[in-house]
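Trainee: All I have is the shape, not the residue letters:
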């Protein structure tokens, strides 16, 4: 005679579900932190991205006035 099936989950199944919930929580936190880090990089790039361009514009203005680049000897 076979054993009747129980409608309750076994303890290993409930442990697996608990582990899956913890893994989902960890991936959610990783995703949120990754998104925040990406936004922080974009903000940093927007604030500091114009320094090279401003230096190039200043060098071109110097060239227009003096006929040589600022790093060339006079």
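Mentor: Arrived safely, thanks for sending. Not measured: the values here are computed from a predicted model.

Trainee: Can you tell me how far the residue nearest the centre of the chain is from residue 23?
Mentor: Residue closest to the average C-alpha location in the chain (CA atoms, centre = their mean): residue 38, at 3.1 Å. Residue 38 sits 22 Å away from residue 23, going by CB to CB, to the nearest Å. In this view, the C-beta of every residue, glycine as well, is placed from N, C-alpha and C.

Trainee: if I look at the residue nearest to the centre of the chain, how far off is residue 47?
Mentor: 15 Å.

Trainee: Quick one: distance of the longest helix that the chain contains to the chain centre.
Mentor: Counting by DSSP state H, the longest helix found in the chain is helix 11-48. How far helix 11-48 lies from its chain's middle: 11 Å, per CA atoms, centre = their mean, to the nearest Å.

Trainee: After that helix, which helix or strand is next?
Mentor: As assigned by DSSP states H and E, the chain's next helix or strand after helix 11-48 is helix 51-66.

Trainee: Mind giving me the packing neighbours of that next one?
Mentor: For helix 51-66, there is no helix or strand it packs on, judged by 3 or more CB pairs under 8 Å, 6 or more residues apart in numbering; DSSP states H and E.

Trainee: Buried ones in it, by neighbour count?
Mentor: Under the neighbour-count criterion of 16 or more other CB atoms under 10 Å, helix 51-66 has nothing buried.
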